[in-house]
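1. Got a sequence here, can you build the structure:
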Amino acid sequence: MKYPLIALVIAVSGCASLPPPPPSDVRPVGQSQLAPKAAAQCIGSKWANSSGQVVYMQYMLANDQAFDVYVPGQQPPSGAAAIVRQGASGSGSSVGFRGTDSNAASAISQCP
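-> Below is the predicted model:
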């Protein structure tokens, strides 16, 4: 009786360590060599400095693997945002954009 329970715990804990996939309404923007947290902070600081407005950064997964960075003037949970996830190879970041603000999307590329 112990073995099925152990297998279930191992399977559940393995799934919990994967970063969440980006939502279906996210357009891919590109890859960054920066870790997800550094890429998210870079995007947030560029938007905040250029707009003079508050930028919200939301942790989506522990261990700094996934972040949503909201466009200035937008608020969680459904505003326009940069979607930063850990890269598929485990290094760098995959960056996408949810929303229609083309100026904000182009600013993301400034954080290689």
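2. Now do the strands in this structure.
-> 27-32, 57-61, 66-70, 81-86, 93-98 (DSSP state E).
3. Dump these into TSV; add mean pLDDT and mean neighbour count as well.
-> In this view, the C-beta of every residue, glycine as well, is placed from N, C-alpha and C. Output for those, formatted as TSV (pLDDT from 0 to 100; neighbours: other Cβ atoms under 10 Å):
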stretch	mean pLDDT	mean neighbour count
strand 27-32	85	15
strand 57-61	82	16
strand 66-70	91	25
strand 81-86	90	27
strand 93-98	90	24
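4. Tell me which of these sits nearest to Trp47.
-> Closest to Trp47 of the strands of the chain is strand 66-70 (Cβ to Cβ; 7.4 Å).
5. Out of the strands of the chain, the one nearest Cys111 is which?
-> strand 27-32 (5.8 Å).
6. and that closest one, how far from the chain's centre?
-> Centre-to-centre, strand 27-32 and its host chain are 11 Å apart (Cα atoms, centre = their mean, to the nearest Å).
7. which residues sit against stretch 39-52?
-> When contacts are defined by Cβ atoms under 8 Å, 6 or more residues apart in numbering, stretch 39-52 is touched by residues 32, 34, 53-55, 57, 67, 69, 71-73, 82, 84, 93, 95, 104, 107-108, 110-111.
8. Ignore what I typed, I meant stretch 87-105.
-> With Cβ under 8 Å, 6+ apart as the criterion, stretch 87-105 contacts 22-23, 25-36, 39, 43, 47, 71-72, 74, 79-86, 108, 111.
9. if you set the cut-off to 6 Å instead, what comes out?
-> Applying Cβ atoms under 6 Å, 6 or more residues apart in numbering, the external contacts of stretch 87-105 come out as 22, 25-34, 36, 39, 71, 80-85, 108.
10. Could you check how many residues crowd around Gly90?
-> A count of nearby residues for Gly90, using other Cβ atoms under 10 Å, gives 7.
11. Asp64 against Lys37, yeah?
-> Yes. Using Cβ atoms under 6 Å, Asp64 is in contact with Lys37, at 4.1 Å.
12. Same drill for the two, tell me which one is more crowded.
-> Lys37 (18 against 14).
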